[in-house]
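Trainee: Next comes the sequence, and after it the predicted model I'd like to discuss.
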Amino acid sequence: MKNSISIIILIFISIISYSQSYEFETVIDIETTNVISQGKTGTCWSFSTSSFLESEIIRITGKKIDLSEMYIVRNTYPKKAWNYIMRQGKAQFSEGGLAHDVINSVKDFGLAPNTAYSGLEANKSRHNHSEMIAVLKGLLDVYIDNSGRQLSPKWKEVTESILDIYLGKNITTFNYDGVSYTPKSFLEMTKINPKDYVSITSFSHKPYNTTFILNIPDNFSNGSFINVKLDDLVAITNKALKSGYTVELDCDVSEKTFSSKHGLAVIPNDENSKLDALIKVLPEKSITQALRQQEFENYNTTDDHLMHITGMLKDQNGTTYYKVKNSWGKNSNRIANNGYIYMSESYFRLKTISIMVHKDIVPKSLLNLN
């Protein structure tokens, strides 16, 4: 009888603990810059990775610098256009990109502060690239359609002109804090070394502990990723945060249980409890490598959005969450947690496409793979 009563009490306690409103305790909170909005653009890849680099600059130098996301975008679009033209339109040409596109731009063109290159049209305070991308793609399609005669060499010049009109002419020198810089000398001042950053993923259709080109639409530059087991992906992320390094994140945000309004991302065990899971603690699904692979191959997990992990939290049951800096702004009744998402480890395990971290966090055995 006593055993039966004990079991009932344990079940009751379990039910109570999983039906409370969320209470979070900060475990790790790494310094970063302010949450800002990417506006009406698909440039989360530049905003999030620029934020990641801003935190790296703070970690390395102690300096807090607002980098220009649009300087990176301005120098990446010609590469996208080249890829689209050379593949004769048989490739994606869109606003999307990945973290390594930022690193490639930094390596080739350096960095600039937002004060030197805002990328905003005159008298505008919010980015909107809808017209620009339509004009660019339309132009490139015209050149491709006419390439049966011979591809006009003017396409590069015209593409640059359109980017100049919508984003502003590229820059070669600027002043910052009373010092004259070029983008390359500014990069040197920040102490960022593009060679220090690696992209890591976890999928079972390729051998673990090898590198491969991840076949997702936004990987127009054919970036290579280190492939590790799911537990290792989590371990590398946790090691980075515990060591004072932030993490760049590419993930799927199409789930109903990813909510900027609630500032939360979870994977409830009960499919019928998705809305409830945003307002009260519920048991979450156990995520296996097989389930993760299944969701990727059936298109339920896609590379929707890039964000920046800057810390860790736990709820009242001790469940781990990642503090994820978003780029949808923070001053809105539709955005909670000042623009941050508290992402459960279950959500991270299932919906992460890839991460980017400093190479010092990665096991040395993974850094010299072919």
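Mentor: That came in fine, so what should we check first? Values in this document were obtained by computation on a predicted structure and should not be read as measured data.

Trainee: helix/strand/coil for the nearest residue to residue 349 once chain neighbours are set aside?
Mentor: Nearest non-adjacent residue to residue 349, counting by CB to CB, 6 or more residues apart in numbering: residue 287, 3.9 Å away. (Each C-beta comes from the backbone N, C-alpha and C, glycine too.) Classification of residue 287 by DSSP: H, G, I helix; E, B strand; the rest coil places it in coil.

Trainee: and the residue nearest to the spatial centre of the chain, what are its phi and psi?
Mentor: Most central in the chain under CA atoms, centre = their mean is residue 306, positioned 2.1 Å from the mean C-alpha point. When read as degrees, to the nearest 10, the backbone of residue 306 gives phi -110, psi 140.

Trainee: and the end-to-end length of stretch 143-157?
Mentor: 12 Å (CA to CA, to the nearest Å).

Trainee: Repeat that for stretch 237-248.
Mentor: Stretch 237-248 has an end-to-end distance of 10 Å (CA to CA).

Trainee: What residues of that stretch count as buried?
Mentor: 237, 238, 240, 241, 245, 246, 247, 248 (16 or more other CB atoms under 10 Å).

Trainee: didn't the fourth one look like it was pressed against residue 30?
Mentor: The reference is to residue 241. Yes. Judged on CB atoms under 8 Å, residue 241 makes contact with residue 30 at a distance of 6.9 Å.

Trainee: tell me, what's touching those two both at once?
Mentor: residue 311 (CB atoms under 8 Å, 6 or more residues apart in numbering).

Trainee: quick one on the thing from earlier: hang on, isn't the residue nearest to the centre of the chain packed against residue 250?
Mentor: Yes. The criterion here is CB under 8 Å, and residue 306 meets it with residue 250 at 4.9 Å.

Trainee: Need the residues touching each of those two.
Mentor: Contacts common to residue 306 and residue 250, judged by CB under 8 Å, 6+ apart, are 45, 98, 99.

Trainee: what kind of secondary structure is the residue lying closest to the first one once chain neighbours are set aside in?
Mentor: Okay, so that is residue 45. Nearest non-adjacent residue to residue 45, counting by CB to CB, 6+ apart: residue 97, 4.0 Å away. The three-state assignment at residue 97 reads coil, by three-state DSSP.

Trainee: Tell me the spacing between residue 97 and residue 170.
Mentor: Counting by CB to CB, to the nearest Å, the gap from residue 97 to residue 170 is 18 Å.

Trainee: one step back: which SSE is the closest residue to the residue nearest to the centre of the chain other than its chain neighbours in?
Mentor: Of all residues not flanking residue 306 in the chain, residue 48 sits nearest, at 4.2 Å (CB to CB, 6+ apart). Using DSSP states H and E, residue 48 sits in helix 44-61.

Trainee: List the buried residues in that helix.
Mentor: In helix 44-61, counting by 16+ other CB under 10 Å, buried: 44-59.

Trainee: try stretch 198-209
Mentor: 198, 199, 200, 201, 202, 203, 204.

Trainee: for it, the distance to its chain's centre please.
Mentor: From the chain centre to the centre of stretch 198-209 is a distance of 18 Å (CA atoms, centre = their mean, to the nearest Å).

Trainee: contacts for it?
Mentor: With contacts defined as CB under 8 Å, 6+ apart, stretch 198-209 is touched by 98-100, 212, 214, 223-230, 232-233, 236, 289-290, 292-293, 296-297, 352-357, 359, 362, 365-367, 369.

Trainee: make it 7 Å
Mentor: 99-100, 212, 214, 223, 225-230, 233, 236, 289, 293, 296, 353-357, 359, 362, 366, 369 (CB atoms under 7 Å, 6 or more residues apart in numbering).

Trainee: Same question for stretch 27-38.
Mentor: 44, 47, 51, 54-55, 58, 64, 66, 127, 241-242, 244, 246, 310-314, 323, 325-330, 338-339.

Trainee: Can you show me the helices along this protein?
Mentor: 2-17, 44-61, 69-86, 99-109, 130-145, 154-167, 183-190, 230-242, 289-297, 345-351 (DSSP state H).

Trainee: ranking these by mean pLDDT, which is last?
Mentor: Note on those: helix 2-17 shows the lowest mean pLDDT, a mean of 47.

Trainee: coming back round to it: out of the contacts of stretch 27-38, which are inside strands?
Mentor: When those are checked against strands (DSSP state E), the matches are 310, 311, 312, 313, 314, 323, 325.

Trainee: Mind giving me the PyMOL select for those, buried ones only?
Mentor: Burial among the ones in strands among the contacts of stretch 27-38 is assessed by 16+ other CB under 10 Å; the matching PyMOL selection reads:
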select buried, resi 310+311+312+313+323+325
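
Trainee: Now the two most distant members of the ones in strands among the contacts of stretch 27-38.
Mentor: Farthest-apart pair in the ones in strands among the contacts of stretch 27-38 is 314 and 325; separation 18.3 Å (CB to CB).

Trainee: Of residue 97 and residue 170, which one has the most company?
Mentor: Between residue 97 and residue 170, counted using other CB atoms under 10 Å, the more crowded position is residue 97 (29 against 16).

Trainee: which residues touch residue 219?
Mentor: 98, 213.

Trainee: quick one on the thing from earlier: the residue nearest to residue 306 reaches residue 327, doesn't it?
Mentor: Yes. Using CB atoms under 7 Å, residue 48 is in contact with residue 327, at 6.0 Å.
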